[in-house]
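In: Got a predicted structure here, sequence first:
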Amino acid sequence: MAIWVFTDTHEGAPSGSALELLTKARSLSDDVAVFAVGTLNDAGAQALADHGAQDIYQMDAGDQLAAPAAARALETLIGDHQPEIVLFGMDTTDRDTAGRLSARLDRPVLANATDVSNDGPVTVTNEILGGIKRVVTSFEGDGVALIVTRPKAFPAEPGGSGSVVVTSIDAPDTGIVATVVERHVEESEGPDLEAAAIVIAGGRGVGQEKFSTMDELAGVLGAAVGASRAVVDAGWVPYSYQIGQTGKTVKPDVYIACGISGAMQHVVGMKDSGTIIAINKDEEAPIFGIADLGIVGDVHTVVPALIEALKARS
Amino acid sequence: MQIAVCVKQIPDPATPYELDPETHFVVRPEDQIMDETDTYGVEVALQLAETTEGTVTLFSMGPTGTQQGIRRALATGADKAVIVDDPALKGSDALTTAKVLAAAIAREGFDLVITGTESTDGYTGVVPQQLAELLNIPSLTFAKRVDVTEDGSVRIERQTTAGYDVVEASTPALISVTSGVVEPRYPNFKGIMAAKKKPVDTVTAADLGISPSANQTIRSVEPVASREAGELVVDDGTGFERIVALLEETKVI
Ligand SMILES: Cc1cc2nc3c(=O)[nH]c(=O)nc-3n(C[C@H](O)[C@H](O)[C@H](O)COP(=O)(O)OP(=O)(O)OC[C@H]3O[C@@H](n4cnc5c(N)ncnc54)[C@H](O)[C@@H]3O)c2cc1C
Ligand SMILES: Cc1cc2nc3c(=O)[nH]c(=O)nc-3n(C[C@H](O)[C@H](O)[C@H](O)COP(=O)(O)OP(=O)(O)OC[C@H]3O[C@@H](n4cnc5c(N)ncnc54)[C@H](O)[C@@H]3O)c2cc1C
């Protein structure tokens, strides 16, 4: 049976999660399709094809939040094509559509999935309670399995025939109106947080005044800067910096946590990093429980000394 | 404006969660607290009610227990609470939760529904959208700022991966709020006393005409092997050298 992958688009490109999910979908079925919100450009459609999409259905909702129309369009397509599974990422439109579709089809959503299998009933693995317990849950009853997956659960690898049929469909009329009146893009500098080999993450312990030391350290290492939610909520840096359950998931070679306590919602977004280094003045801080090297000390002395030492080397 | 706020009582996250060995459901003690995630929704609702001369009603599904979490929200200024407490709903999935909340909210009437983006214990993060679809209303999700415009529409700043979008809808509508949206207030003594007299209705699934059905089964729960803690070094002024050495060892520099 077919496996479908949902994706939003950003200036014609699919989400990163779509390529990961297509890679997984290919391992579950020979019949793989994509439902995209927005309009893909040629490179975007080709990237999906190169990761195994054989059919793409795309729907542009214009200035409307897309989920109500996307859920209705998918409901019709699911009726016609009877896919076994629809895989969603964690982006806002993914979650909005998954929830609405679930209510329309009267089918549950299994969320935070880190693995999916379909020999027998569709079964989902997820790590609950901040990743301390692994749960396997299966769908019951007839109908499609709706699954929201964690980012980076499946590495993206090209594969499949590389050819694809793109079908554009009209956004169905929903009577539900939520209009996007402005879009703001917050530019961030330096390497992409999700792809960087080294991540410097700053927490509340760094303080607002000294938060620029994170950029300085990242600068000398060619690293990307991330942050805890406490720092994002306080408005020191934009949301695009946030690492954790409700932010980005990163798996760099080296993760340096500065003034971060290591709450479970932060840890789920970075625990699979190669080497974890933590600097915290509280020796009881939970972050030390997962750090390969923990420095019990003040970030305001350790970080500047580290920056000087690294500068002196180069 | 008649505002419905969805709030969940959860076991205190500072205590380790226990799962029932048979059902695998989270064990819920008598004394649950209100999910921190929902304190933001309550605060947004209180502020909107102040500017629109509106009312705030809390909706919660789950074992009532000592009502500690609910009473606290009433003490900060909410007008009343509706709790759906029914053993038949034990272990409900997110969709059943949304059906229950939708029925309870529709029965009371509303202009605006406010939720968190995801709970601390289950964090499926799909209840708000399911609820909006069941109520057939727009959902302005991931709001980091909420305003009511002069014509009575709601306008939010919606957090996106790239920045934020400004999104508008007329009521009735649902808004899910993020943690950075407002600073929740603390209850004061007067509020705590007043809360004792505020109405708390308890209803069952049958009262709402809902028969719970489960379309998912937990097969197994296993502990996850956690990362081992490495070396802990108290900084004596040379801690940075250990970091440089490890960076060299991992060949990133
Ligand atoms: C539903 C939900 C989702 C969430 N999602 C996320 C998420 O995606 N990402 C996330 O990060 N959090 C998330 N959180 C929040 C999380 O629970 C924590 O509150 C947050 O991670 C704490 O950030 P922090 O470590 O910067 O701050 P704190 O917990 O306040 O820790 C600050 C640390 O800095 C140390 N410190 C202070 N001064 C110094 C100094 N001078 N030198 C060295 N160390 C110092 C302290 O010892 C302390 O350990 C979520 C919470 C919930 C309920
Ligand atoms: C560890 C764990 C994993 C789970 N995984 C799944 C899963 O994959 N799929 C699934 O369908 N169910 C799952 N459940 C069950 C699910 O958590 C419950 O059905 C829960 O009541 C609603 O989902 P949530 O807490 O995840 O809500 P979320 O969607 O994360 O919550 C968002 C907002 O919805 C509102 N809300 C949610 N629940 C209530 C409530 N009971 N009363 C009032 N307002 C509420 C609050 O405003 C909250 O901030 C899981 C439960 C646990 C404990």
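Out: Happy to help now that I have it. Ligands and ions are numbered 1, 2, ... in the order given.
In: residues near the closest residue in space to residue B:231 that isn't next to it in sequence, how many?
Out: Spatial nearest neighbour of residue B:231, excluding adjacent residues (Cβ to Cβ, 6 or more residues apart in numbering or on different chains): residue A:293 at 5.7 Å. Any C-beta I mention is one placed from the backbone N, CA and C, and that applies to glycine too. By other Cβ atoms under 10 Å in any protein chain shown, 22 other residues sit near residue A:293.
In: Skipping its backbone neighbours, what lies nearest residue B:180 in space?
Out: residue A:233 (3.8 Å).
In: OK, now which residue of the stretch 1-150 of chain A is nearest to ligand 2?
Out: Relative to ligand 2, the nearest point of the stretch 1-150 of chain A is residue A:128 (3.5 Å; Cβ to the nearest ligand atom).
In: and the gap between that residue and residue B:121?
Out: 9 Å (Cβ to Cβ, to the nearest Å).
In: And these two? Which one has more around it.
Out: Per other Cβ under 10 Å, whichever of residue A:128 and residue B:121 has more neighbours is residue A:128, with 21 against 18.
In: what's across from residue B:165 in the sheet?
Out: Beta-bridge pairing of residue B:165 under DSSP bridges involves residue A:183, residue B:158.
In: Revised request: answer the last question for residue A:145.
Out: Beta-bridge partners, per DSSP bridges, of residue A:145: residue A:85.
In: Can you pull the phi/psi pair for the closest residue to chain B within the stretch 201-314 of chain A?
Out: For the stretch 201-314 of chain A, the residue closest to chain B is residue A:297, as judged by Cβ to the nearest Cβ, at 2.8 Å. Note on residue A:297: its backbone torsions stand at phi -180, psi -180 [degrees, to the nearest 10].
In: contacting residues around the closest residue to it other than its chain neighbours?
Out: Sequence neighbours aside, residue B:235 is the residue nearest to residue A:297 in space, at 2.8 Å (criterion: Cβ to Cβ, 6+ apart). Neighbouring residues of residue B:235 by Cβ atoms under 8 Å, 6 or more residues apart in numbering or on different chains: A:295-298, A:301-302.
In: re earlier: my read is that the residue nearest to residue B:180 contacts residue B:177, right?
Out: No: the criterion here is Cβ atoms under 8 Å, and residue A:233 misses it with residue B:177 at 11.8 Å.
In: Of these two, which one has the most company?
Out: Of the pair residue A:233 and residue B:177, residue B:177 is the one with more neighbours under other Cβ under 10 Å, namely 29 against 19.
In: Any idea what the more buried one is bridged to?
Out: residue B:116, residue B:143.
In: How much space separates it from ligand 1?
Out: Between residue B:177 and ligand 1 the computed distance is 12 Å (Cβ to the nearest ligand atom, to the nearest Å).
In: can you give me the strands in the stretch 151-253 of chain B?
Out: Under the criterion DSSP state E, counting those that start in this stretch, the stretch 151-253 of chain B contains strands at B:154-159, B:163-169, B:173-177, B:200-203, B:216-223, B:231-234.
In: Which one of the ones you listed lies nearest to residue A:48?
Out: strand B:163-169 (24.2 Å; Cβ to Cβ).
In: and the closest one, what does it pack onto?
Out: strand A:179-185, strand B:139-148, strand B:154-159 (3 or more Cβ pairs under 8 Å, 6 or more residues apart in numbering or on different chains; DSSP states H and E).
In: Is it possible to get JSON lines of those strands that adds distance to residue A:246?
Out: Formatted as JSON lines, those follow (distance: least, Cβ to Cβ, whole Å):
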{"stretch": "strand A:179-185", "distance to residue A:246": "19"}
{"stretch": "strand B:139-148", "distance to residue A:246": "9"}
{"stretch": "strand B:154-159", "distance to residue A:246": "9"}
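In: Out of these, the one nearest residue A:3 is which?
Out: strand B:139-148 (25.9 Å).
In: If I look at whatever residue of chain B ends up closest to ligand 1, what pLDDT would I see?
Out: Per Cβ to the nearest ligand atom, the residue of chain B with the smallest distance to ligand 1 is residue B:120, at 4.1 Å. On pLDDT, residue B:120 comes in at 95.
In: Identify the residues contacting it.
Out: A:265, B:10, B:13, B:35-37.
In: now, which of the residues you listed lie within helices?
Out: Residues of the contacts of residue B:120 located in helices (DSSP state H): A:265, B:36-37.
In: of those, closest to ligand 2?
Out: Distances from ligand 2 to the ones in helices among the contacts of residue B:120, taken by Cβ to the nearest ligand atom, are shortest for residue B:37, at 4.6 Å.
In: burial of the nearest residue to residue B:214 once chain neighbours are set aside, as a residue count?
Out: Distances taken as Cβ to Cβ, 6+ apart place residue B:93 nearest to residue B:214, at 6.4 Å, with adjacent residues excluded. Number of residues near residue B:93 (other Cβ under 10 Å) recorded here: 23.
In: cool, residue A:272 as well?
Out: 16.
In: count of residues packed around the residue nearest to residue B:8 when sequence neighbours are not counted?
Out: Using Cβ to Cβ, 6+ apart and skipping residues adjacent in sequence, the residue nearest residue B:8 is residue B:35, 4.7 Å away. Applying other Cβ under 10 Å, we find 24 other residues in the vicinity of residue B:35.
In: now swap in the one 3 residues further on and tell me
Out: Residue B:38 is flanked by 26 other residues according to other Cβ under 10 Å.
In: and residue A:265, what is it in contact with?
Out: Taking Cβ under 8 Å, 6+ apart, we find residue A:265 in contact with A:130, A:229, A:244-246, B:120.
In: May I have the predicted confidence score for it?
Out: 94.
In: wait, does stretch A:71-81 make contact with chain B?
Out: Yes: interface with chain B: stretch A:71-81 contributes residue A:71 (Cβ under 8 Å from any Cβ of the partner chain).
In: ok, back up a step: and the contacts of residue A:265, which is closest to residue A:101?
Out: residue A:246 (21.5 Å).
In: check which helix or strand covers that closest one.
Out: Using DSSP states H and E, residue A:246 falls within no helix or strand.
In: residue contacts, the residue lying closest to residue A:230 once chain neighbours are set aside?
Out: Leaving out its chain neighbours, the residue that sits closest to residue A:230 by Cβ to Cβ, 6+ apart is residue A:204, at 4.3 Å. By Cβ under 8 Å, 6+ apart, the contact set of residue A:204 is A:228, A:230-231, A:234, A:259-261.
In: Of those, which are in range of ligand 1?
Out: A:228, A:230-231, A:259-261 (Cβ under 6 Å from any ligand atom).
In: Now intersect these with the strands, please.
Out: With strands taken from DSSP state E, there is no overlap with these.
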